[in-house]
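**Q** take a look and give me a structure for this.
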Amino acid sequence: MDLQLKEKLVFISGSTKGIGRSIAEALLHEGARVIINGRSGTDAVAKELSAIGNVIAIEGDLAKPDDCQRVCQEVESHGKLEVLVNNMGIFNPTPFPDIDDEEWLRFFKVNVLSTVRLSRHFFPGMLNQDFGRVINIASEAGMRGLESMVHYSMTKGAQIVIGRGLANLTKGCGNNVTVNSILPGPTLTEGVSRWLKESADGQGISEQQFVSEFFAETEPDSLLQRFIQPEEIASAVAFIASPLSAAINGASIKAEGGLIKSIV
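**A** Residues are numbered from 1 along each chain as shown. Model prediction:
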């Protein structure tokens, strides 16, 4: 299927590794011009991804207002942005009583305000140019409120609400602009892979056995009963970024392996 993304200009925040990098790879394969971003190491990643397609690296910390503004201006120097993927985010399992004010604010600045700043900058231009896609990489945690990461869950719930609110602003504009949130479940990123190996080694069992026991005990409602691959999330993002997805707007798209027992 041709997703009609050839030469579309895309910016993906936090895209030097994990889900963000996989999204970059997927969209490069579709012929998009992809701008990757990270606090460091972007040039090296861009060099690797250049074997796939047209990739540009812009380094910067989007949790800092001045840095974010500079990044936005650099993005605009490459043309009119057509697809914005708000992927940047942090997580850290922490008991609720141990999350102090500073940590709450840090999570809010990184996960929420980066989404707000980038959307505030690029969304109006998308309305004016009669095409645009804003895609928030949220999480099923934003629906479930994970007790192990209440602060993280708060930020992901905020992203979902921001996405729906912006989608409401497209009503009646006659524009081909959509705003949606993707809700991944437990995903096998680099950090999770390290944790999985260390945990399995510590228990003296295979990684396969550890994963099986982990899902049976921790996520028994998961229909997948395994970690999601980053490229599986990237495939969902690629379709939502496509002009073919015009009928999907204001949606929270669950890509969590069926662990949420809900039909909506």
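
**Q** for the stretch 151-264 of the chain, what spans make up the strands?
**A** Taking DSSP state E, counting those that start in this stretch as the test, the strands found in the stretch 151-264 of the chain are 176-184, 252-255.

**Q** tell me which strands the longest one pairs with, and in which orientation.
**A** The partner list of strand 176-184 in its sheet, established with DSSP bridges, is strand 131-137 (parallel), strand 252-255 (parallel).

**Q** what sits up against the shortest one?
**A** Residues from elsewhere that reach strand 252-255, judged by Cβ atoms under 8 Å, 6 or more residues apart in numbering: 138, 140, 143, 160, 163-164, 180-185, 228, 232-233, 236, 240, 260. Placement of C-beta: from N, CA and C, glycine included.

**Q** just the buried subset of these, please.
**A** Among the contacts of strand 252-255, those classed as buried by 16 or more other Cβ atoms under 10 Å are 138, 140, 143, 160, 163-164, 180-185, 228, 232-233, 236, 240, 260.

**Q** can you give me the helices in the stretch 101-250 of the chain?
**A** Assigned by DSSP state H, counting those that start in this stretch, the stretch 101-250 of the chain shows helices spanning 101-107, 114-129, 141-144, 150-168, 190-203, 207-218, 230-241.

**Q** so which of these is nearest Ser15?
**A** In this view, the helices of the stretch 101-250 of the chain are compared for proximity to Ser15 by Cβ to Cβ, and helix 230-241 is the closest at 10.5 Å.

**Q** what is the mean pLDDT for that closest one?
**A** On average, the pLDDT along helix 230-241 is 98.

**Q** between it and strand 176-184, how many degrees?
**A** If you take axes from the mean of the first three to the mean of the last three Cα atoms, to 10 degrees, helix 230-241 sits at 160 degrees to strand 176-184.

**Q** and helix 230-241 with helix 190-203, angle?
**A** Computed by the same axes, to 10 degrees, the angle between helix 230-241 and helix 190-203 is 160 degrees.

**Q** which residues sit against helix 230-241?
**A** Contact with helix 230-241 is made by 3, 5, 8, 10, 18-19, 21-23, 25-27, 30, 32, 83, 85, 133, 135, 137, 178, 180, 182, 184, 187-189, 245, 248, 253, 255, as judged by Cβ under 8 Å, 6+ apart.

**Q** low-confidence regions, the stretch 1-150 of the chain specifically.
**A** Counting by pLDDT under 70, the stretch 1-150 of the chain contains no low-confidence segment.
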